[in-house]
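Asks: quick one, fold the following:
(one chain, ligands or ions: 1)
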Amino acid sequence: MNQRFESERKKMVDEHIIRRGITDERVIEAMLKVPRELFVEEAFQEKAYGDHPLPIGCGQTISQPFMVALMTQYLKLSGTERVLEIGTGSGYQAAVLAELAQKVYTIERIKILFEKAQKILLEKIRYKNIITVLGDGTLGLPNFAPFDRIIVTAASSDVPKILTDQLAENGILVVPKGDKFIQTLTIITRRDGELITQDAGGCVFVPLIGKYGWKEEN
Ligand code: SAH
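Replies: As a prediction, this is how the structure comes out:
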């Protein structure tokens, strides 16, 4: 079983990650390593290595592998960074980050997803460098700031100042910025105290909901 997933994982990395232009060797290594099948619902395990998002419950999704690789590549991780992820979801992106950075803080607002991801990350795979937090990620984690990298894996109409304020000098923040349905992957770098913004193409994420995000719909 595991061997089958391993060969599917290699195929996914070859076809959807390398062939589509991801070149960061460390990102490629991390994606070859993290068992994506553990992060999807059992009913979808067969589809774990396709290049598409999948439902993870509570109306949320695990991002497609290429998007995970692309966002991670934009973070330019060397292994020494403290990273904040907003939107733990399944925990898959957090696992990839943990392979590449020194420490990962990841926040999820939905308790069921938070507990599920925590179980996989901390009890099943046993990452020692991940801190999982239940709460509103639009506030960031001021007590642990500044962060060398911040990755928002839900769509934001704007980038809350409270988050850019938690970005260290020479830090990089990656966020899907746009409306609720379609966004532009946006890379923000803090250099000499200034924020430099770069657009990196279209993307589609579930909305960021919270104090500095969208309001919850009933
Ligand atoms: N990174 C995830 C995919 C995220 S889907 C993965 O690898 O699976 C986006 C997630 O962001 C959802 O789980 C959603 O509940 C969460 N989210 C939305 N708004 C949030 C907020 N303000 N704080 C924390 N999590 C939030």
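Asks: need the contact list for the most centrally placed residue in the chain.
Replies: What sits nearest the mean C-alpha location of the chain, by C-alpha atoms, centre = their mean, is Q93, with 4.0 Å. By C-beta atoms under 8 Å, 6 or more residues apart in numbering, the contact list for Q93 reads 63, 68, 71-72, 85, 151, 153. No exception for glycine: its C-beta is placed from N, CA and C like everyone else's.
Asks: can you pick the most crowded of those?
Replies: E85 (30 neighbours; other C-beta atoms under 10 Å).
Asks: and that residue, bridged to which residues?
Replies: Beta bridges link E85 to T106, I151, judged by DSSP bridges.
Asks: check the gap between it and V96 for me.
Replies: Distance, E85 to V96, using C-beta to C-beta, to the nearest Å: 10 Å.
Asks: dump the C-alpha coordinates for the strand ranked longest in the chain into PDB.
Replies: Counting residues, the longest strand in the chain under DSSP state E turns out to be strand 167-178. Taking C-alpha atoms only, strand 167-178 is exported to PDB below (Å, rounded to 0.1, in the frame of the first residue of the first chain):
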ATOM      1  CA  LEU A 167       6.800  40.200   8.900                       C
ATOM      2  CA  ALA A 168      10.600  40.500   9.600                       C
ATOM      3  CA  GLU A 169      13.000  42.600   7.600                       C
ATOM      4  CA  ASN A 170      13.800  40.700   4.400                       C
ATOM      5  CA  GLY A 171      10.700  38.600   5.100                       C
ATOM      6  CA  ILE A 172       8.400  37.200   2.400                       C
ATOM      7  CA  LEU A 173       4.600  37.000   2.700                       C
ATOM      8  CA  VAL A 174       2.600  35.000   0.100                       C
ATOM      9  CA  VAL A 175      -1.200  35.500  -0.100                       C
ATOM     10  CA  PRO A 176      -3.900  34.900  -2.700                       C
ATOM     11  CA  LYS A 177      -5.400  38.400  -3.000                       C
ATOM     12  CA  GLY A 178      -8.700  39.100  -4.800                       C
END
